[in-house]
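Asker: Starting from these lines, generate the structure:
(chains A, B, C and D, ligands or ions: 2)
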2 protein chains.
Amino acid sequence: MTSVGGRRSGRARDERAERGIPEATVARLPVYLRALTALSDLDVATASSEDLAVSAGVNSAKLRKDLSYLGTYGTRGVGYDVNYLRYQIAREIGLTQDWPVVIVGIGNLGHALANYSGFASRGFRVAALLDSDRARVGEKVGELPISSLDDLEEIVRASSVSIGVIATPAAAAQDVCDQLVAAGVSSILNFAPALLAVPDHVDIRKVDLSIELQILAYHEQRKAAGLAEIKADAG
Amino acid sequence: MTSVGGRRSGRARDERAERGIPEATVARLPVYLRALTALSDLDVATASSEDLAVSAGVNSAKLRKDLSYLGTYGTRGVGYDVNYLRYQIAREIGLTQDWPVVIVGIGNLGHALANYSGFASRGFRVAALLDSDRARVGEKVGELPISSLDDLEEIVRASSVSIGVIATPAAAAQDVCDQLVAAGVSSILNFAPALLAVPDHVDIRKVDLSIELQILAYHEQRKAAGLAEIKADAG
DNA sequence: AAGAGTTTGTGAACGCGAGAACAAAATCGT
DNA sequence: ACGATTTTGTTCTCGCGTTCACAAACTCTT
Ligand SMILES: NC(=O)c1ccc[n+]([C@@H]2O[C@H](COP(=O)([O-])OP(=O)(O)OC[C@H]3O[C@@H](n4cnc5c(N)ncnc54)[C@H](O)[C@@H]3O)[C@@H](O)[C@H]2O)c1
Ligand SMILES: NC(=O)c1ccc[n+]([C@@H]2O[C@H](COP(=O)([O-])OP(=O)(O)OC[C@H]3O[C@@H](n4cnc5c(N)ncnc54)[C@H](O)[C@@H]3O)[C@@H](O)[C@H]2O)c1
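Answerer: Residues are numbered from 1 along each chain as shown, chains lettered A, B, ... in the order given. Ligands and ions are numbered 1, 2, ... in the order given. So this is what the prediction gives:
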């Protein structure tokens, strides 16, 4: 960072963030955060990029470059202050505030998600559980009762919910998605194996168990094929 | 020993596959497969790369390039035969055979996974449910009883299991992972928020709810910041 | 205070994947 | 038979992300 003239006073720090952090880096920040939390729990005060990289399972140069997008929080010859860096990353991701979340579709998976304690451990708070099945509405899951999907809009407004989780069957997913968007939700995590269309201002991410298994199967098959070939060549 | 000279006669077609398909492409093949299945259910016999690309939510040039790694299964001026292409992709991924899977850690999430019908719909068959909690062993979940983790090795051998799913708490994940690998499992899908070390010959993929939510939170925060700035500039 | 040792932050090289663009190959209409 | 039309397979270019490598900046020792 060779600054030639002056005039870099106030904005210098914001300049980086303003351009936006590369998507690949954003995806790794939570991993670093987890590694830092683990170190902090072990009362480690300072860690080098190499230490952190090992904890996070990445290359140390990549880690340093990733962190450089946030600012210069390290000290040359020393490393990073674990708690300070942890706070900075948490702030960058937005975990210094609370994120209310609604879960739609309280079946097998929805129940597991509703009972999941790992939600709250970061700043994600389950604000409501929603299902269209009238027979299920009112049933308690943990602390929370299941609400009717009809109340979605009111709940989203009342609790300022901006994140929604879809755990309905695939056939209902697009419809639920549209309702979430209409209610004002602008980030969606989708567990249903369906392609969802959303407006530009809405972010959507999917978790697809079936795809993950198929990717594993592909590589597994290749391993088996490789072995077979070796056998054939030997025989 | 691989001979240098001949013996490559019938192999010309395999040449493509032998080099391996790019990882990004492998990850999309299951998406194409799903799109093709949907079209097939609608009795669509033929589809152009553009049709397919729309169904799968990708760029059509990318789709064509992806498919070209498998072979030349399309017809210029016509498109792709839906069922034929579907079979070819399924074969490439390895879905023409059955993949027995063991699930370890039958708690909240493990129960949901055990009851999940989407597993069987592709060739993934749950061969066993395992838990270390003696109180849980014997309990039935759907059709299957929960087995003791002690029986892992025997189950893996008896059913030729090569894929394992970890749904234990993070603290137990590495230990469970090691046991899976020792038993002969060579592909692992990990739901625990932990970094797992495995030998080179073992493939591992992770599904991390917390990371997904944090990525959404980051973008959500940016949207909010953008709006705040506009307001401030206007005011 | 100066030299030896560490570790960061970043410039530069490289590789991979995305997408535009187009020639080749098939069908269709006349 | 042949030109117009459609659509594939592939080439080419561009941008992003990863990794290496190193000067700059800091600490520690003497
Ligand atoms: N169970 C798993 O382990 C698992 C794993 C990966 C993916 N998935 C996917 O997650 C989704 C849910 O799976 P599940 O096993 O929990 O299914 P499920 O059938 O047990 O639960 C679905 C729930 O959604 C509700 N629902 C249906 N239509 C709705 C609508 N329009 N609005 C609101 N709620 C509605 C149903 O009443 C039901 O409670 C499915 O798409 C499935 O493919 C499940
Ligand atoms: N519940 C969810 O929705 C959810 C979502 C995302 C991630 N996860 C992660 O999935 C994992 C499981 O979550 P959960 O909510 O089902 O937890 P849980 O506590 O309900 O279940 C954990 C199960 O693992 C078993 N177990 C513990 N140690 C074991 C060992 N050494 N060997 C075999 N089994 C063992 C326990 O007996 C228990 O049955 C956790 O790592 C969690 O972070 C859960």
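Asker: closest point of chain A to ligand 1, which residue?
Answerer: A:Gly107 (1.6 Å; Cβ to the nearest ligand atom). For the C-beta atoms, the positions are set from N, CA and C on the backbone; glycine is no exception.
Asker: do you know how far A:Val31 is from B:Gln88?
Answerer: According to Cβ to Cβ, to the nearest Å, A:Val31 and B:Gln88 sit 36 Å apart.
Asker: just to revisit the earlier point, if you drop the residues flanking it in sequence, what lies closest to the residue of chain A closest to ligand 1?
Answerer: Of all residues not flanking A:Gly107 in the chain, A:Ala167 sits nearest, at 6.8 Å (Cβ to Cβ, 6 or more residues apart in numbering or on different chains).
Asker: Isn't that neighbour up against A:Ile103?
Answerer: Yes: judged on Cβ atoms under 8 Å, A:Ala167 makes contact with A:Ile103 at a distance of 6.2 Å.
Asker: Next, show the common contact partners of the two.
Answerer: Residues touching both A:Ala167 and A:Ile103 by Cβ atoms under 8 Å, 6 or more residues apart in numbering or on different chains: A:Gly110, A:Leu113.
Asker: Around DNA strand C, which positions in chain A sit nearby?
Answerer: A:1-2, A:48-50, A:60-61, A:64-65, A:67-68, A:72-80 (Cβ under 7 Å from any atom of the strand).
Asker: for the residue nearest to A:Gly107, what are its contacts?
Answerer: Here A:Ala167 is in contact with A:Ile103, A:Val104, A:Gly105, A:Ile106, A:Gly107, A:Leu109, A:Gly110, A:Leu113, A:Phe191, A:Ala192 (Cβ under 8 Å, 6+ apart).
Asker: how about 6 Å then?
Answerer: A:Gly105, A:Leu109, A:Gly110, A:Phe191 (Cβ atoms under 6 Å, 6 or more residues apart in numbering or on different chains).
Asker: which residue does chain A bring closest to DNA strand D?
Answerer: Closest residue of chain A to DNA strand D, Cβ to the nearest atom of the strand: A:Gly77 (2.4 Å).
Asker: Next, that residue: phi, psi?
Answerer: phi 80, psi -10 (degrees, to the nearest 10).
Asker: Also A:Ala217?
Answerer: phi -60, psi -40.
Asker: Give the closest residue to it in space, chain neighbours not counted.
Answerer: Excluding the flanking residues, the one nearest A:Ala217 by Cβ to Cβ, 6+ apart is B:Gly94, at 4.6 Å.
Asker: hang on, the one you found packs against A:Ile215?
Answerer: No: shown here, B:Gly94 and A:Ile215 do not form a contact pair, counting by Cβ atoms under 6 Å, at 10.3 Å.
Asker: Those two: which has the busier surroundings?
Answerer: A:Ile215 (22 against 19; other Cβ atoms under 10 Å in any protein chain shown).
Asker: partners of A:Ile163 in the sheet?
Answerer: Counting by DSSP bridges, A:Ile163 forms beta bridges with A:Val101, A:Ser187.
Asker: residues of the helix or strand containing A:Ser55 that come out buried?
Answerer: Using DSSP states H and E, A:Ser55 falls within helix A:49-56. By neighbour count on 16 or more other Cβ atoms under 10 Å in any protein chain shown, the buried set for helix A:49-56 is A:Ser49, A:Asp51, A:Leu52, A:Ala53, A:Ser55, A:Ala56.
Asker: before we move on, what about stretch A:24-39?
Answerer: A:25-39.
Asker: Next: stretch A:210-229.
Answerer: Going by 16+ other Cβ under 10 Å, stretch A:210-229 has these buried residues: A:210-223.
Asker: quick check, distance from it to the centre of its chain.
Answerer: Its chain's C-alpha centre and that of stretch A:210-229 lie 28 Å apart, by Cα atoms, centre = their mean, to the nearest Å.
Asker: ok, back up a step: please, a PyMOL command that selects the buried ones among the residues of chain A next to DNA strand C?
Answerer: PyMOL command restricting the residues of chain A next to DNA strand C to the buried ones, with burial defined by 16+ other Cβ under 10 Å:
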select buried, chain A and resi 48+49+64+67+74+79+80
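Asker: Kindly reformat the contacts of A:Ala167 as a markdown table and extend each row with distance to ligand 2, neighbour count and pLDDT.
Answerer: Shown next, in a markdown table, are the contacts of A:Ala167 (distance: Cβ to the nearest ligand atom, whole Å; neighbours: other Cβ atoms under 10 Å in any protein chain shown; pLDDT from 0 to 100):
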| residue | distance to ligand 2 | neighbour count | pLDDT |
| --- | --- | --- | --- |
| A:Gly105 | 13 | 26 | 98 |
| A:Leu109 | 7 | 24 | 98 |
| A:Gly110 | 9 | 24 | 98 |
| A:Phe191 | 10 | 23 | 98 |
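Asker: what's the closest of these to B:Ile146?
Answerer: A:Leu109 (19.1 Å; Cβ to Cβ).
Asker: Thought B:Leu113 was touching the closest one, still the case?
Answerer: No: the pair A:Leu109 / B:Leu113 is not scored as a contact, 8.5 Å apart, by Cβ under 6 Å.
Asker: excluding its backbone neighbours, what's nearest A:Ile188?
Answerer: In space, A:Ile188 is closest to A:Ile204, 4.7 Å off (Cβ to Cβ, 6+ apart).
Asker: The strand or helix carrying that neighbour: which residues count as buried?
Answerer: Counting by DSSP H and E, the element that carries A:Ile204 is strand A:203-206. By neighbour count on 16+ other Cβ under 10 Å, the buried set for strand A:203-206 is A:Asp203, A:Ile204, A:Lys206.
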